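Trainee: Fold the following and give me the result.
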Amino acid sequence: VVPGPRFPAWFLPAPKGRKPSRKPVRNIHLIVGVHAENTMNTLTMTSNKRQIIMQFAYFIRQTQHAQECNQESNQTSCNLAFTNSPNRNLLTISLFLLLFAATPNLLFGQQKDVVKNNQQWFQYYNQTKLNDHWTLLFDGGYRWNDGFQESSQYIVRAAIGYNLNSDIQISSGIAHLGFYSSDKLDKVEFRPFQEIIVKNKFNKIGLNHRYRIEERFFYPVTNGEIQTPGTFNFRFRYAFMLSIPLFKLSKTKTDKAFLLNIGDEIFINAGKELVNGIFDQNRIIVSPTFKLNESLSLSLTWNSQFASTQSQDIFNYTNVYWFQIKHNLKIGKKQKE
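Mentor: Next comes the predicted model:
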């Protein structure tokens, strides 16, 4: 068993009788390097002037457990080595990131007010495959607060995707959103975006990574009319999702199955006109899924969402119950090799 890391003093709750630091986090940098030909992955996170560097080394035919934590004036570094196979190491790292993202209070301090609420989301996703390379992507949805009692927002999104190969897809598109306050539309957003999706498979378990950049243009709405000027900021999103097949739903139809999707997504803001700070939100997702056939699946998803607000000391924790319909179509002919 690899021993757990020794966190420095600033990473832990303040001792009794001493007030914890109230200084807000100004900068967060999250870099995940994955290179198929190399044997070292690095996760770097920076908070104020302190830096944590975690390096995951793959050792296939060796037995080595190592941990080094050297604390200097402004830097703490931890090197962790694992002895499993590369496939198991990737799975271990993904689960570690999920657990780490599930504890945002470690990054953003112990003193904060958390407002709890609930939302209900409905979303339809469509992927229409034109040929072996090109795919049209579309989704639309509506969201409510407090048990469908109040409208929260709507979203419509469209994109064009290009498959570099069976495991990597790049895409670009635009989304439009509307935000409600007391059941009245009070803000809209126009959101161009670009993304890369990388797929891996370990035996029967699928692992997807999604890297997305969004350019967010916000405009207030008064008496049903969009007002100018608006505000702008970038947002960076990283999501990973494990897809675990549990059992078949039919003995004759092999593509009819029940799956469990588990994942996490972190959102980071950037730009000169930030309203909610660098950290935007984090989502932990648990999604039981009924795969009816190769074209249609239904999911009843639980989304545990921790999000910032316009006040640096107040955060929202939202239990989201999310019904998803995913529909895949093919209208083009498969290209001959």
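Trainee: how about low-confidence regions in the protein?
Mentor: Where the chain drops to pLDDT under 70, the residues are 1-111, 332-337.
Trainee: how does it look with 90?
Mentor: Along the chain, the parts satisfying pLDDT under 90 run over 1-113, 202-204, 223-224, 248-255, 271-277, 294, 309-313, 331-337.
Trainee: Now do the helices in it.
Mentor: 86-101, 105-108 (DSSP state H).
Trainee: Neighbours of Phe279, how many?
Mentor: As a burial measure, Phe279 scores 21 neighbours (other CB atoms under 10 Å). (Each C-beta comes from the backbone N, C-alpha and C, glycine too.)
Trainee: Quick check: beta-bridge partners of it?
Mentor: Beta-bridge partners recorded for Phe279 (DSSP bridges): Ile268.
Trainee: From Glu273, how far out is it?
Mentor: 16 Å (CB to CB, to the nearest Å).
Trainee: same check, this time on Phe315
Mentor: Separation of Phe315 from Glu273 (CB to CB): 21 Å.
Trainee: For those two, indicate the residue with more neighbours.
Mentor: Looking at Phe315 and Glu273 with other CB under 10 Å, you find the greater number of neighbours at Phe315, namely 20 against 11.
Trainee: ok, now which ones touch that one?
Mentor: Residues in contact with Phe315 (CB atoms under 8 Å, 6 or more residues apart in numbering) are Phe108, Lys112, Asp113, Val114, Val115, Phe306, Ala307, Ser308, Thr309.
Trainee: Let me see the contact set for Asp280.
Mentor: Counting by CB under 8 Å, 6+ apart, Asp280 has contacts Arg235, Phe267, Ile268, Asn269, Ala307, Ser308.
Trainee: Repeat that for Phe179.
Mentor: Residues near Phe179 by CB under 8 Å, 6+ apart: Ser152, Gln153, Leu185, Asp186, Lys187, Val188, Glu189.
Trainee: Nearest to Tyr124 among those residues?
Mentor: Nearest to Tyr124 among those is Gln153, at 15.4 Å by CB to CB.
Trainee: From Lys187, how far out is the closest one?
Mentor: 9 Å.
Trainee: surely Pro245 meets Lys256?
Mentor: No. With contact defined as CB atoms under 8 Å, Pro245 does not count as touching Lys256 (11.2 Å).
Trainee: and Lys251, how many neighbours?
Mentor: 7.
Trainee: can you tell me how far it sits from Arg212?
Mentor: Lys251 sits 39 Å away from Arg212, taking CB to CB as the criterion.
Trainee: who touches stretch 132-142?
Mentor: Under CB under 8 Å, 6+ apart, the answer for stretch 132-142 is 121-130, 151, 153-163, 169, 171, 173, 332, 334-335.
Trainee: in that stretch, what counts as buried?
Mentor: In terms of neighbour count (16 or more other CB atoms under 10 Å), stretch 132-142 has its buried residues at Thr135, Leu136, Leu137, Asp139, Gly140, Gly141.
Trainee: repeat for stretch 264-280
Mentor: Asp264, Glu265, Ile266, Phe267, Ile268, Asn269, Asn276, Gly277, Ile278, Phe279, Asp280.
Trainee: can you check stretch 144-156 too?
Mentor: Applying 16+ other CB under 10 Å to stretch 144-156 flags Trp144, Asn145, Ser151, Ser152, Gln153, Tyr154, Ile155 as buried.
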